[in-house]
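Peer 1: generate a structure from the sequence data that follows.
(2 chains)
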Amino acid sequence: GDSVTQMEGPVTLSEEAFLTINCTYTATGYPSLFWYVQYPGEGLQLLLKATKADDKGSNKGFEATYRKETTSFHLEKGSVQVSDSAVYFCALRMWVTGNQFYFGTGTSLTVIP
Amino acid sequence: DVKVTQSSRYLVKRTGEKVFLECVQDMDHENMFWYRQDPGLGLRLIYFSYDVKMKEKGDIPEGYSVSREKKERFSLILESASTNQTSMYLCASSLDLKLDTQYFGPGTRLTVL
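Peer 2: Here you go, the predicted structure:
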């Protein structure tokens, strides 16, 4: 079935370091792909999304490119800040299955000053 | 801004109790969702509703029921709480089945003793 696999955490980085969080997906068709972020004590918020192959989603300095050939949607940021400390979830949605999202297990990021 | 609120941030119940988790959204969204979030498992969909009095099972509906009597309110019911239902419960809403963004509440951490 449809699913998302993202890298295990936790990840700890120093401020201004480069961030990559890997996400790969399995889908029978052509999904939309998402990154959600959950800050401490809050619900999930949409960070960015891409709806077709080669699309790049970007927001708040984060980027991810929809790679159909490698079935991947890796999250990157060139210079992380302490305020980026959160849990990041990769997710997919298949149009044919309607409104159901499939979430990864989440990757916890801690950025230290 | 879309606001999704959940009735409690923390809840402690005893095995066998009937538990109600309430979720309210203020943006006239058609669709509402209940997830549970567990370490290492990510988010799993319990139930969703695409209209008043309508409901659909998600991936893990066993032991749960839902109620949607009014558009803005979606309740999750644990008929007889068990310890394996100790979890973080997240409510979400979205405007349209064809749109991708789900808006999440802050979550309710339920402990069943």
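Peer 1: so who does residue A:54 touch?
Peer 2: A:65-68 (CB atoms under 8 Å, 6 or more residues apart in numbering or on different chains). (Each C-beta comes from the backbone N, C-alpha and C, glycine too.)
Peer 1: so what's residue B:108 up against?
Peer 2: B:6-11, B:21, B:88-89.
Peer 1: narrow these to those that are buried.
Peer 2: B:6, B:11, B:21, B:88-89 (16 or more other CB atoms under 10 Å in any protein chain shown).
Peer 1: all strands for the chain, in order.
Peer 2: By default, I'm working from chain A. Counting by DSSP state E, chain A has strands at residues A:3-6, A:11-14, A:19-21, A:23-26, A:32-38, A:44-50, A:56-59, A:62-65, A:75-77, A:86-93, A:101-103, A:107-112.
Peer 1: hm, I was asking about chain B
Peer 2: Applying DSSP E to chain B gives strands spanning B:4-6, B:10-13, B:19-25, B:31-38, B:42-49, B:56-57, B:65-70, B:73-78, B:87-94, B:103-104, B:108-112.
Peer 1: make a ChimeraX selection of the buried ones in the contacts of residue A:54.
Peer 2: Selecting only the buried entries of the contacts of residue A:54 in ChimeraX, with 16+ other CB under 10 Å as the criterion:
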select /A:65,66,67
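Peer 1: where's the dip in pLDDT among the contacts of residue A:54?
Peer 2: The lowest pLDDT within those belongs to residue A:68, which sits at 93.
Peer 1: contacting residues for the residue nearest to that residue when sequence neighbours are not counted?
Peer 2: Nearest non-adjacent residue to residue A:68, counting by CB to CB, 6 or more residues apart in numbering or on different chains: residue A:53, 3.8 Å away. With contact taken as CB under 8 Å, 6+ apart, residue A:53 is in contact with A:30, A:66-68.
Peer 1: if residue 110 is in a bridge, with which residues?
Peer 2: Here I'm looking at chain A. In this entry, residue A:110 is beta-bridged to residue A:12, by DSSP bridges.
Peer 1: other chain: chain B
Peer 2: Beta-bridge partners of residue B:110, as defined by DSSP bridges: residue B:11, residue B:87.
Peer 1: ok, it - contacts?
Peer 2: B:11-13, B:19, B:21, B:81, B:85-89.
Peer 1: do the helix or strand of chain A with the lowest mean pLDDT and chain B meet at all?
Peer 2: Lowest mean confidence among the helices and strands of chain A (mean pLDDT, DSSP states H and E): strand A:101-103, at a mean of 86. Yes - contact of strand A:101-103 with chain B (CB under 8 Å from any CB of the partner chain) involves A:101, A:103.
Peer 1: for that strand, which strands pair with it and how are they oriented?
Peer 2: In its sheet, and by DSSP bridges, strand A:101-103 pairs with strand A:86-93 (antiparallel).
Peer 1: many thanks, I have nothing further to ask.
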